[in-house]
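K.L.:
fold the stuff below for me.
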Amino acid sequence: MQPAKKETTLLIVDDEKHTREGLRMSLEDEFDVYVAANRSEAREVLRSESVEVMVTDLRLGGEDGMELIEEALKSSKPPICIMMTAYGSVDTAVEAMKRGAYHFVTKPLNLDELEITIKRALRSRHLETENKALKKQVEKQYSTASILGKSAQMVEVLEAVEQVAPTRATVLIEGESGTGKELVAHAIHNLSGRPKSKLVIVHCAALSEQLLESELFGHERGAFTGATDKRIGRFEQADGGTLFLDEVGEIDPGTQVKLLRALGERTIERVGGNTPIAVDVRVIAATNRNLEELVAEGKFREDLFYRLHVVRIMMPPLRARKDDVVLLAQVFLKEFAEENSKKVDAISDEAMQCLQNHDWPGNVRELRTAIEHGVVMSNGSKITPRHLPMGVREGARRERGRSGGDGGFSEAGPGDLNLQEVEGALMRRALELTDSNRTEAAKLLGISRRTLQRKLKELKEGEETGGD
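P.N.:
Numbers count the residues shown, from 1 in each chain. You can find the predicted model right below:
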């Protein structure tokens, strides 16, 4: 049985055989030790083995150990480099550090000191690696944590965010109101390499033509009535960072021209000014309108459209990703229970069925509001259907009736009761529970098999004739 390989691989480079072999014997109990007599042999070991620490002499015959350190540090997995020499001096130590050496030791070597130095270097490297991994994990978590979803559509969105974020590409985010377009913009900015710079947001639909132009590009004093002072616009405020243009489809034609120039030339001019101002801004735009239709109608510039949608991310409506409703509901439940200091920690099966059957025209924003409503209205530890907004209950009830559930009669009012629909829902449910075994389904319903067949036939005929 071969002895277990040591965790750390160490390379000793020294042109004196007795020195390198002595170090090998002294250190091989702690490390997996390789030796080399010159730069050529050292290169071979560095190419073939994953070396974590390299200890090299300053003088390698006629070769320079510092040049070996520089070469090793340029590799894809650079080792920790420690310089050893009999020519110890402050100048030599400083030069070794400048070349990237972790530490500097002098000959004759103190083996205990060398071993402590190696272990300290390894601890430092491991801490650095762990910190980088942790930082990356935290950045990723906090950059995309607010974009919740495990459906295929949302996985595709998250992958697109991570792919485009480090680039300078302009991004166009499309989707209905309430789907989370602004959250995606925040995530792209946070992962962009510019997270410490500003993310400046402009809600284009909320501003008039003159105000929007001034808001984006700023204005000089006296540019128009009321311009008593110079104003720095959002492009300048976002210099070095990201500018998010929400509802970009609402921008008027005149401002579209200026926006196109800003994107193409990376310069702006303040209203009332004629001096070009260079800006380094990454632009992300969002819209709930179909820009291609607006282009066809002559309401949006085609050249600006193509400038904006270098990368296009489509946010799916919540009704198209029903698998995410449960996940989102649970997250919102925890959030609003804590916010309102309530011990509501569950959603009943019936209430969850209502949530999953609702069409969510207001998308994630509507679901969030519905859960907050449920938490506030609940007097116990669980949200039930009666705690949900009426619109969610009614929409879900109608959907259950169409899809063959319980018909919604547990929540139905006097005008909603229909005996044939209720019977149909019960029969379908009985067949589901018995894997379409009509004899067993009839037993569950307390009727004969012949009666069940007759009623099913009548139900089918009624559906084919539209109930007439």
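
K.L.:
can you give me the strands in the stretch 51-200 of the chain?
P.N.:
Assigned by DSSP state E, counting those that start in this stretch, the strands in the stretch 51-200 of the chain fall at 53-57, 59-60, 63-64, 80-85, 103-106, 171-174, 199-203.

K.L.:
low-confidence stretches in the stretch 251-400 of the chain?
P.N.:
394-400 (pLDDT under 70).

K.L.:
now the helices for it?
P.N.:
Remark: helices assigned in the stretch 251-400 of the chain by DSSP state H, counting those that start in this stretch are 253-265, 291-296, 302-308, 323-339, 349-357, 363-377, 390-403.

K.L.:
also the stretch 51-200 of the chain?
P.N.:
65-73, 90-98, 111-144, 152-164, 181-190.

K.L.:
hey, which of these is tucked in deepest?
P.N.:
helix 181-190 (a mean of 22; mean count of other C-beta atoms under 10 Å). C-beta: built from backbone N, CA, C; applies to glycine.

K.L.:
tell me the mean pLDDT for that one?
P.N.:
Summarised as a single mean, pLDDT over helix 181-190 is 91.

K.L.:
next, the angle from it to strand 199-203.
P.N.:
160 degrees (axes from the mean of the first three to the mean of the last three C-alpha atoms, to 10 degrees).

K.L.:
could you say what helices and strands helix 181-190 packs with?
P.N.:
helix 111-144, helix 152-164, strand 171-174, strand 199-203, strand 242-246, strand 282-287 (3 or more C-beta pairs under 8 Å, 6 or more residues apart in numbering; DSSP states H and E).

K.L.:
distance-wise, check Glu63 relative to Asn38.
P.N.:
6 Å (C-beta to C-beta, to the nearest Å).

K.L.:
hang on, I meant Ile284
P.N.:
Taking C-beta to C-beta, one finds Ile284 at 55 Å from Asn38.

K.L.:
please apply the same query to Ala442.
P.N.:
Counting by C-beta to C-beta, the gap from Ala442 to Asn38 is 92 Å.

K.L.:
then Val310?
P.N.:
52 Å.

K.L.:
please apply the same query to Leu23.
P.N.:
Distance from Leu23 to Asn38, by C-beta to C-beta: 16 Å.

K.L.:
the more surrounded of the two?
P.N.:
Between Leu23 and Asn38, counted using other C-beta atoms under 10 Å, the more crowded position is Leu23 (20 against 15).

K.L.:
show the pLDDT at that one.
P.N.:
At Leu23, pLDDT is 92.

K.L.:
mind giving me the packing neighbours of the helix or strand where it lies?
P.N.:
Per DSSP states H and E, Leu23 falls inside helix 17-27. Helix 17-27 sits against strand 9-13, strand 32-36, helix 111-144, with contacts defined as 3+ C-beta pairs under 8 Å, 6+ apart.

K.L.:
please redo it, this time with the cut-off set to 6 Å
P.N.:
strand 32-36 (3 or more C-beta pairs under 6 Å, 6 or more residues apart in numbering; DSSP states H and E).

K.L.:
run the chain-centre distance for the strand it packs on.
P.N.:
In terms of C-alpha atoms, centre = their mean, to the nearest Å, the centre of strand 32-36 is found 44 Å from the chain centre.

K.L.:
hmm, who's touching that strand?
P.N.:
Here strand 32-36 makes contact (C-beta atoms under 6 Å, 6 or more residues apart in numbering) with 5-6, 9-13, 20, 24, 27, 42, 45.

K.L.:
tilt between it and helix 65-73?
P.N.:
Using the same axes, to 10 degrees: strand 32-36 against helix 65-73 is 130 degrees.

K.L.:
next, the buried residues of the helix or strand just after strand 32-36.
P.N.:
Heading C-terminal from strand 32-36, the first helix or strand you meet, by DSSP H and E, is helix 39-48. By neighbour count with 16 or more other C-beta atoms under 10 Å, helix 39-48 contains the buried residues 39, 42, 45-46.

K.L.:
stretch 244-256 now?
P.N.:
Here stretch 244-256 shows 244-251, 255-256 as buried, counting by 16+ other C-beta under 10 Å.

K.L.:
on that earlier part again, including pLDDT and distance to Arg59, could the buried residues of helix 39-48 go into JSON lines?
P.N.:
Shown next, in JSON lines, are these (pLDDT from 0 to 100; distance: C-beta to C-beta, whole Å):
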{"residue": "Arg39", "pLDDT": "91", "distance to Arg59": "12"}
{"residue": "Ala42", "pLDDT": "93", "distance to Arg59": "14"}
{"residue": "Val45", "pLDDT": "93", "distance to Arg59": "19"}
{"residue": "Leu46", "pLDDT": "92", "distance to Arg59": "19"}
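
K.L.:
distance to Gly149 for these - can I get that in a markdown table?
P.N.:
What follows is the buried residues of helix 39-48, written out as a markdown table (distance: C-beta to C-beta, whole Å):
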| residue | distance to Gly149 |
| --- | --- |
| Arg39 | 54 |
| Ala42 | 51 |
| Val45 | 49 |
| Leu46 | 45 |
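
K.L.:
which of those residues sit farthest apart?
P.N.:
Taking C-beta to C-beta, the two most distant members of these are Arg39 and Val45; they sit 10.8 Å apart.

K.L.:
domains for the chain, by residue range?
P.N.:
Split into domains by automatic domain parsing, the chain comes to 9-131, 152-316, 320-464.

K.L.:
now the terminal residues of the second one, how far apart.
P.N.:
Yep, that's domain 152-316 we're talking about. 10 Å (C-alpha to C-alpha, to the nearest Å).

K.L.:
work out the gap between that domain and the centre of the chain.
P.N.:
That offset, for domain 152-316, works out to 20 Å (C-alpha atoms, centre = their mean).

K.L.:
any low-confidence regions in the stretch 1-150 of the chain?
P.N.:
Ranges of the stretch 1-150 of the chain meeting pLDDT under 70: 1-6, 87-90, 131-146.

K.L.:
recalculate using a threshold of 80.
P.N.:
1-7, 85-96, 127-148 (pLDDT under 80).

K.L.:
alright, that wraps it up for me.
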